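> The following comprises the amino acid sequence and a computationally predicted model.
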Amino acid sequence: MQRLRTTVARLRPITATQTAKSQSQARPTAVGGALRTFEPMRSYTASVSAEPFLNGTSSNYVKEMYYAWLENPRSVHKSWDIFFRNANAGGSPGAANQSPPPLGGAALGLANAQAMVGTQPNVEKLVEDHLAVQSLVRAYQVRGHHIAKLDPLDISVIDFDESPVMLGLKKVERLYDLTAGGFYGLDETDLDKVFRLPTTTFIGGSESALPLREIISRLEMAYCQSIGVEFMFINDLEQCQWIRHKFERPGVMQFTLEEKRTLLTRMVRSTRFEEFLQRKWSSEKRFGLEGCESLIPALKTIIDKSSMNGVESIIMGMPHRGRLNVLANVIRKELDQIFCQFDSKLEAADEGSGDVKYHLGMWHRRINRVTDRNITLSLMANPSHLEAVDPVVQGKTKAEQFYCGDTEGKRVMSILLHGDAAFAGQGVVYETFHLSDLPSYTTHGTVHVVVNNQVTHPATPPTALSITAPTPLEGYLQPPTYHPETRPSIAHKISATVCYRRNGHNEMDEPMFTQPLMYKQIKMQKGVLQKYYEKLLAEGAVSRQDYEEEIAKYDKICEEAHARSEDEKILHIKHWLDSPWPGFFNVDGHPKSMTSLSTGLPEEELVHIGYMASSVPVEDFTIHRGLSRILKGRAAMVGQRVCDWALGEYMAFGSLLKEGTHIRLSGQDVERGTFSHRHHVLHDQNIDKRICIPMNHISPNQAPYTVCNSSLSEYGVLGFELGFAMASPNALVLWEAQFGDFHNTAQCIIDQFICPGQAKWVRQNGIVLLLPHGMEGMGPEHSSARPERFLQMCNEDPDTYPSLNLCVYDLSLRQLYDCNWIIVNCSTPANYFHVLRRQILQPFRKPLIVFTPKSLLRHPEAKSSFDDMLPGTHFQRLIPDSGPVCEKPEGVKRIVFCTGKVYYELIRERNNRGNDDTVAIARIEQLSPFPFDQVKVETDRYPNADLVWCQEEHKNQGYYDYVKPRLRTTVDRTRPVWYVGRGPAAAPATGNKVAHLVELQRFLDTAFNLDAFTEQS
């Protein structure tokens, strides 16, 4: 719609013929859900500046009235009918005004109205009053939540903006507070005047006009009670109207008798559960829900409503506070299993460390009693790192939607619970929200429940929040936010429940140290259950006997469960599994077998996939000329029976897809590849946004391939992919960092979930991290993927040589099963091909960390023959030297162990020096678990050789501190292990290219100087 300044300029008296003509040429226009059948084109000859009431915001109002009058003159107030009739007769806007008929008098007939045409009373006051009412309605919608009765303690701990629009009346009889600052001249005399309601409100219900007194009263009821609604920042008019309709209609907040009793029952269970734990284990930390017990009825109501609308699975994430209550009364975990967690004398029957009870998760499928439908509930286990679980939940939700074909998010949904300070302060919240509308990451909506207990850990909001409310993201993300006081309520999108924390940060904490006045008030506060019971009792909804029977019933349930828990002798961590994989393991949770299938492929399959990687399987598709050269180069390699890094990856992916394994590759620039080597997504050069993914054309019955460039996020995206990998063991999920050191902003996911996940939560995961790594002379950033960090967290004992009772193949598989993750640095495309296929074909799942190359992507010697990928071949944990040193191993003076790209530097230098028969070079491709057995074969083969570890990283970084004790253990500490590489440094690499080359040549000289360590030995 144009501004009325333009509209008024067009308002000109027209003849009936012109009117009919203009209507016959009109285009339908949608307004308020109805179709307008006209497009008025009128103009006044009078100057708009002479009519001040038609300027500014008045224009929209007058235009709406004019549209309504054109459709039906009876739909507007009589004064507007007269005004527009006079305007049609040729009068100026000011001259067309007539005073309205008295509200209490008889309505003027059409003849009287026509008699008024030509007179010139002033309608400006009427217009201004209607606009004032419209502004009043909008002010409540925009700012009403600021004066809602949200704080159950009534101490105003949260310092909301002190200068909102003045809303509401302490006494409706007085309008002074409302009109202070000027609501366009409204005063007390206007309270009983009837005003037509704007189309942007539903407070009238079936009525289109109300007295001002009633308008204020209904707006107060809608926006200023114990639920505040924040939604007017949303740009979508349809969404705004939906929210208005839900909150403004008279009587919309009324509950049926059955609903009230159900809420009471749920409040009883929520409250009595916490009280039971307090009685039995008063000195134990449990991070109880006291002060926010209404969270349980709220969550259960969300689940009920979701089930009614067809949701079959809900994945939940939450912090530790209230987790046990949610497990007990929402997920419905057996109470005796919860109570067992308080017995410190019980030993765990499972491997690993386990975790504290308020970090554990759970998966449960049950009947929803309200809808009588099956629903699956999963509460994700998570660490103390607040909000870290958010992207993990979203990733698992996306995966479940993907596997069940839920493309609109109608069957699988997520619920995330947040603390107030964490929701506002943790950056991963924003990162997770930012994924919400990206095609390969959207879950089509999430319900967020923010528990605002008015205390941010031990700090108070003024020292921990820089905002007026803990939900600052809605302005960017545009979800509606609801701020209910702690009472049973329904949350949609973001619900910020304002409550309090009856105890300290935990049950052993003394909150009076830091919040003395708040906790004096809390000690005087009645519990929510007691308040709600008294309210229902006063209404006659329940009797005292009903209430006491409900309490006695639940207390009995708790006591009986406690008695059963005392009979338990062992803790089973696997009973707390949040992501079971039915059919993948035995009943006892162990692999069905401890054998792994061959990772090699028939040559015809390699050729087929290779040619698919070299072609465009879509007709009339124009690719870039440079890409044509790349595809021709691939085809040439297939003809020569060799592959480079990109083609080796293509063959691993393509073969797994053909075998039915879904593959998802995610990260920044993964479609093309950071180094422009992959090109899994082709772009038509003539048609915008037309793409082709050849990997999805490998075979008619193949699994789908998902490759998606992510947002510029590591923490959120890696967490998302980790969650995606949790949903099924039959998918290869990979996250590639744009550069290896980018993983440092996702360190929380790596340290708290990927590395110890199985030990803490008996939860296997096969996610793959691809981390480009290598010293290329490009400066301190983007050089190192920090392998030392990953190696430091391996659970392998460097001082213990593994048992030799198993054959070599079984030993390697057993090592993989016992480790917490697998770390490799492949130097050949064939080995990369094998390790990717092994990740799926082995009978269990472990995270795989791959330090991928950069310069080797196009290195002429870094290619593999098809012979290394045929049936019978496998991943080589160590690649021995196969050159002249093998002819006379006793004459070898030095064996250099290395990993990754530096091997090619060493080979080049050895060839230049002619040391082919005196220096052996062995590549350790799998760093963890360490190939003790194969390293021993090499050290025994060269009994007279010095043992050297060579790396291009600095001495305090890279692999040296990890490898040295293991090499020493391998040789039973009979021979020293010498270091060759760069010296210790704070930065990963130099920023000077010349200095980089000098450092490289220096340690290469040392590696081949057979007398370098003579004086030290």
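Sure thing, it's come through. Because the structure is a prediction, the values reported are computed rather than measured.

> didn't P802 look like it was pressed against L811?
Yes. The pair P802 / L811 is scored as a contact, 6.3 Å apart, by C-beta atoms under 8 Å. For the C-beta atoms, the positions are set from N, CA and C on the backbone; glycine is no exception.

> Which residues are in contact with each of these two?
Counting by C-beta atoms under 8 Å, 6 or more residues apart in numbering, the common neighbours of P802 and L811 are D933.

> Assign G872 to one of the three secondary structure states.
The three-state label given to G872 by DSSP: H, G, I helix; E, B strand; the rest coil is coil.

> Hmm, it is touching S598, no?
Yes. With contacts counted by C-beta under 8 Å, G872 reaches S598, the gap being 6.5 Å.

> Comparing those two, which shows the higher neighbour count?
Each of G872 and S598 has its neighbours counted (other C-beta atoms under 10 Å); S598 has more, 14 against 7.

> Show the contacting residues for the more buried one.
841, 871-874.

> Which among these count as buried?
Applying 16 or more other C-beta atoms under 10 Å to the contacts of S598, the neighbour count classes 873-874 as buried.

> Can you lay out the contacts of S598 as JSON lines showing distance to G626?
What follows is the contacts of S598, written out as JSON lines (distance: C-beta to C-beta, whole Å):
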{"residue": "L841", "distance to G626": "36"}
{"residue": "P871", "distance to G626": "36"}
{"residue": "G872", "distance to G626": "38"}
{"residue": "T873", "distance to G626": "33"}
{"residue": "H874", "distance to G626": "36"}
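
> Tell me which two in the contacts of S598 are the farthest apart.
The distance between the two most remote of the contacts of S598 (C-beta to C-beta) is 14.2 Å, for L841 and G872.

> and H448, that one's in a strand?
Yes. Assessed with three-state DSSP, H448 lies in a strand.

> Find the residue closest to it in space, skipping its chain neighbours.
I494 (4.5 Å; C-beta to C-beta, 6 or more residues apart in numbering).

> these two touch, right, that neighbour and N452?
No. The pair I494 / N452 is not scored as a contact, 11.4 Å apart, by C-beta under 8 Å.

> the more surrounded of the two?
Higher neighbour count among I494 and N452: N452, with 28 against 25, using other C-beta under 10 Å.

> Please verify my assumption that the more buried one contacts R501.
No. Contact criterion C-beta under 8 Å: N452 and R501 do not qualify, at 10.3 Å.

> residues touching the closest residue to N453 other than its chain neighbours, list them.
Excluding the flanking residues, the one nearest N453 by C-beta to C-beta, 6+ apart is R501, at 4.2 Å. By C-beta under 8 Å, 6+ apart, the contact set of R501 is 290-292, 453-455, 511, 522.

> What spatial separation is found between R501 and I522?
Distance of R501 to I522, given as C-beta to C-beta, to the nearest Å: 8 Å.

> and for those two, which residues touch both?
By C-beta under 8 Å, 6+ apart, the residues touching both R501 and I522 are G291.

> What distance separates the opening and closing residues of stretch 782-799?
33 Å (C-alpha to C-alpha, to the nearest Å).

> Can you list the buried residues in it?
Buried residues in stretch 782-799, defined by neighbour count with 16+ other C-beta under 10 Å: 782-791, 793-794, 796, 798.

> With stretch 964-971 instead?
964, 966-970.

> Show me the two of the contacts of R501 that sit farthest apart.
Checking these with C-beta to C-beta, the most distant pair is C292 and P511, at 14.8 Å.

> can you tell me which of the buried residues of stretch 782-799 are in helices?
Using DSSP state H, the members of the buried residues of stretch 782-799 that fall in helices are 787-791.

> tell me the phi and psi of L438?
In terms of degrees, to the nearest 10, the main-chain angles of L438 are phi -90, psi 140.

> Now for it, how many residues are close by?
Counted with other C-beta under 10 Å, the neighbours of L438 add up to 14.

> quick one: it and S711 touch, right?
Yes. Judged on C-beta under 8 Å, L438 makes contact with S711 at a distance of 6.3 Å.
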